[in-house]
Every structure is written in structure tokens, then in C-alpha cells.
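Visitor: Sharing a model prediction with you, sequence too.
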Amino acid sequence: MSNASARLLARRQRRRRFRRLVVVTSSFLAFCLLLVGGVYGYVTYRNDQIHRKHIAGVAYVPPSQPMNILLVGNNSRCALNGQQVAKFGSCSQVGGARSDVTMLLHLDPATRQAFVLSIPRDLFLPIPGTNKQNRIDAALNEGPSQLVKTVEADLGITINHFVELNFDTFQNVVSTLGGVNMYFPVPVKDAYSQLNIPTAGCQHLNGFEALALVRARHMYYYQNGTWNYDGMGDLSRIKRDHEFLKVLATTLRQKGGLSSPTTVNALIGSVLPQLQVDANFSLSDMVQLVLTYHAVNPSSIPTATLPVVIDSSFNYYYRGADYGAVVLPIEPLDQQVIDQFLGRSTAPGSSLSPSSITVSVLNGSGVYNQATDTAAQLQALGYHTVGVGNATVVGNPAETVIRYSPGQLKEAQNLASQISGEVSLVPMTTADGADLTLVTGTDFSVATPSSPQPSSSGATTTTSASSTSSGSTSQAVSNVASETTTSHTSYPSFDPRGCTASGGPAPVSGS
């Protein structure tokens, strides 16, 4: 072959290779475009399924910052299907909406750790924007914004996102995972929630049975030949819910977790159609949170319940109406648990000097001379008292309420740190032009001053040796203290827990 012929052949081969390269490259680019288009279409489709709503009070922060997410289980019957209506009642039969489950999830990206705090649904608190108190679960009946405002104003916890699920969504999640296995030490039942576990041992729960378990607040357990009533209502249920969530997370992990596209797609399909979130909670933020915290071991997530006092009468009368069984806030335990939940080492408002805070005092219990005596105790602590008077007695026992002006939450928390007992906060008009108005209740104590000790901020500190106003609170606290610990030291012997591979009870993971 001549040199000219060889060169011609070489050029033809190069042209053929170039054409093949163009075809392969074009095919690859087309595939990439189709893939990107498909992913974009899928994400858009799923994003459009989320129900977003403007919720007043939610303070947006990006996923790169610590955040608090308010998780609500709405017991509204209005979204139920026919079979569920037959079990739980219709929208017309059971009107309104209540936060059957109210949990707070704190996420810290610096440590990639999470903390869950449950708020008892029967916690009796002032409702911001009104002149009344009610159970915190009733705040949702006025809309998500009211519930957010109540948590923020009364407990001093900023809410960054709101997430709400209903009965149907919960059942769908459990069913999508094929159910869960839980070990029951003894038979249990609850006619109100439809729970019925007739035999002990490791049981497989479907979606409906799982819902019946997490809703059970009137549980009976079979022990020593008789049916016994739990009697701790929502407080026992919260412990069971904490344990169930860890079992559910373990089940998800066994199914491949968030690394399994099939499982993830099925879960997304079961959750999104009835998921309601705040308008600022974008899908990209949700994805970023999953990427940040996907390695967190569910069994290691600490859980706690806000400490409460149980009204032993089980019939709480407020403004002449019978509110039935309620639980009341208790300081300083509440603030201690909230600080732990938020990862705070310093209590809010602790840097403020009492002398910079003006306080008026109203007698809200009817106890003789209580406002005058309390004002004198506050003056001894350095607060500037500007007036005393009487308020309407609204309950027995009456909660001690600290009313605070707009922007004075830290001042209210500073005062609350010096008062023990059934104390709550509320943004509300104060008396005598004061920053704060303390409306005294039946059971509370004001700290007694000690020798002033300089703090790092220059303010003075005092000890908390108490001067008790009524004598019943200390007993109430001791009765409930074991129910508010973050460990399972008082875990009921009849409560279910996870199953081991052999079908026995898994170790209690903590609450």
C-alpha cells in the first residue's frame, strides 16, 4: 500500500471514531438530561404533595443552625376514611382538633445530636391572646398558630418549624414498613383507643394496632390474675410513645433505612399526601436535615417529658367549669428540663439584675395578705415592686401566673427562677405599669435571699431556700418526680418494648 493510500485510510478511521464518539457522547448527555428531568419531575411531584400553611410565630432558621421542630399528632376525625370513622367516630361526632401528641424535636448540627421533649396533652396553661387557661392540646383547636404561640409564650421555647400528622398518616407509615414487632410482658387493653393484646410475648402490630397502642391513655393490664388500671393516663402513654418511636426507627433501619430508594419512596408516598408543615419548611431543608442526621442512632436519642403536678382530685374546676383531669406545670423542674432539652448551661434571664425589673403583685388565691407578703419577699430579693392588689380566684388549686409585657419574656423567666410551685407565664396586660405582674396561686414559694455573690455578668445571685405558701406542693412534686426523669428508672413492668431476634424483650432504651 502506498503512503497516500495509508494516509487516506487513517483519515477515514479517525472520522469513524469521531462519529462514534459523538454518538456515544450525545447518547450519554441525552440520558443525563432524561435522568435530571426525571429527578426534577419526581421532586416537583412530591413537593407539590406537601400541604404548607402560614403559621404565625414560627421563626425560620436554616438547617445549618440549631432548631426546634414542633411535632403534632392531630386527632381530627375529618380526614378519616369509612373504616376509620367506624372505629374512631366521624368529624361531626367528634368535632374540632386536638394535639393528641405534642412533641418537640431539638436538632444541633454542631454535634449532630437530637433530643425529644414531650408535653403532656392535659397540661393546663394560659392561652395567649385570651383571658383564660385550658389544656395545651385544646390550643390546636384554634389553629396551629395558637399552639405555636402557647408553647413559645408559656414555656419560652422558640419554634422554628411545625409538622403535623393525623391518624391516617401514622397508620400508613407503620403499614408501609410491614408493621412492627413489640414485646408485651402481660396482656393489655384500652377500650377508648381500641387496643386489645390478649396474650403476652412478642406481637406483630399492623398500622391500626400500632395507632391503638400510641393513643392508649386508659390502659388496663392483666397481672396476678386480675385486670389492673394504669391510672397515669397521658404520662404513661408518653413513655410508651417514646419507646414505640424507637422501635419504629429500628424497623426502618432493618428495612434498609434511608439508603433504600424503595423504602424511602414508599414512606414518602405514605406521609406526604396528608403532611402539613409551615410555609417556610422547604423540601431542600428537609433533605438537608436527613443528610445531616441520617447516621443518628434512634436508640441513643434522649427523650424526656415536661415535669408536671397531677391534681389528685381528677376534677379541676376553673372559673366554675369542670375541666376533668388536668396536670399543672411545676417550677423549677420545668425550666431545668427545658434548659437540658435546649442544651443551655445558663438559665434565660439569669444575667438580668432583679433591681432592673418592676413587678406588681395580685392575690389570685384568696389567702389573706398573700400579695403584700409576696411583694415583701420579692423586695428582699432586689425586685422593684410597684403595687399590690387582688385578682379573681379562678381555680383550686390556682396556678401562679407571671404576666409579662411584650419583649419582657426574659424578665419573666428571671422572676420564675425565684419561684417554686405551679407557675406559668403568659404575655398579657400587666398592672400598675409594671414589666411583670405576679398573680399568686395556691401553691408556690419565693426564694429567700442569701449573701449576695458576684456573678460573671456582674449581677448578684441568691440561693433558693424556700418559704412555702401552702404545704401541698412538695408532696405533689415528690409523687411525680420519678415520672419526669430522662431514664427508665420507673418503667412500668406491664409496658411493651421492642422484641429481640429470639422474640424476647429488648432492653429498655430510655425515656
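Guide: Cool, got the structure.

Visitor: what number of residues lie near Ser300?
Guide: Neighbour count of Ser300, defined by other C-beta atoms under 10 Å: 11. No exception for glycine: its C-beta is placed from N, CA and C like everyone else's.

Visitor: Repeat that for the one 10 residues further on.
Guide: A count of nearby residues for Ile310, using other C-beta under 10 Å, gives 20.

Visitor: Distance of it relative to Thr250?
Guide: Note on Ile310: its distance to Thr250, by C-beta to C-beta, to the nearest Å, is 32 Å.

Visitor: what about the residue nearest to Pro427 when sequence neighbours are not counted, neighbour count?
Guide: Spatial nearest neighbour of Pro427, excluding adjacent residues (C-beta to C-beta, 6 or more residues apart in numbering): Ala153 at 5.0 Å. The number of residues packed near Ala153 is 23, by other C-beta under 10 Å.

Visitor: Ala153: what's it in contact with?
Guide: Ala153 sits next to 128, 409, 425-427 when contact means C-beta atoms under 8 Å, 6 or more residues apart in numbering.

Visitor: Kindly confirm my reading that Ser445 forms part of a strand.
Guide: Yes - applying DSSP: H, G, I helix; E, B strand; the rest coil, one finds Ser445 inside a strand.

Visitor: Identify the residue nearest the most centrally placed residue in the chain in space, chain neighbours excluded?
Guide: The C-alpha lying nearest the average C-alpha coordinate of the chain belongs to Met103 (C-alpha atoms, centre = their mean; 1.6 Å). Setting aside the residues directly before and after it, Met103 is nearest to Leu71 in space (C-beta to C-beta, 6+ apart), at 4.4 Å.

Visitor: In the protein, where's the longest strand?
Guide: Across the chain, the strand with the greatest residue count (assigned by DSSP state E) is strand 99-108.

Visitor: Run the chain-centre distance for that one.
Guide: Strand 99-108 has its C-alpha centroid displaced from the chain centroid by 2 Å (C-alpha atoms, centre = their mean, to the nearest Å).

Visitor: for it, packing partners?
Guide: strand 67-74, strand 113-118, helix 144-155, helix 283-293, helix 333-342 (3 or more C-beta pairs under 8 Å, 6 or more residues apart in numbering; DSSP states H and E).

Visitor: between those, which one is nearest to Gly320?
Guide: Across these, Gly320 has its closest neighbour in helix 144-155 (22.7 Å, C-beta to C-beta).

Visitor: what angle sits between the closest one and strand 113-118?
Guide: In terms of direction (axes from the mean of the first three to the mean of the last three C-alpha atoms, to 10 degrees), helix 144-155 departs from strand 113-118 by 100 degrees.

Visitor: and helix 144-155, what's its mean pLDDT?
Guide: For helix 144-155, mean pLDDT is 94.

Visitor: Restrict the helix or strand that comes right after that helix to CA atoms and write it as CSV.
Guide: Moving toward the C-terminus from helix 144-155, the next helix or strand (DSSP states H and E) is strand 161-166. Extracted as CSV, the C-alpha positions of strand 161-166 are listed here (Å, rounded to 0.1, in the frame of the first residue of the first chain):
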residue,chain,number,x,y,z
HIS,A,161,-40.7,24.6,62.2
PHE,A,162,-44.2,22.9,62.5
VAL,A,163,-45.0,19.4,61.4
GLU,A,164,-48.4,17.8,61.7
LEU,A,165,-49.6,14.2,61.1
ASN,A,166,-53.0,12.6,61.5
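
Visitor: elements contacting strand 161-166?
Guide: For strand 161-166, the packing partners by 3+ C-beta pairs under 8 Å, 6+ apart are strand 67-74, helix 144-155, strand 276-278.

Visitor: Any chance you could list what contacts stretch 253-268?
Guide: 46, 173, 176-178, 252, 290, 294, 298.

Visitor: What is the nearest of the residues you listed to Ser236?
Guide: Distance to Ser236, by C-beta to C-beta, is smallest for Pro298 among those, at 21.1 Å.

Visitor: element containing the closest residue to the closest one other than its chain neighbours, please.
Guide: If the residues on either side of it in the chain are set aside, Pro298 comes closest to Ala249, at 3.2 Å by C-beta to C-beta, 6+ apart. Using DSSP H and E, Ala249 maps to helix 233-254.
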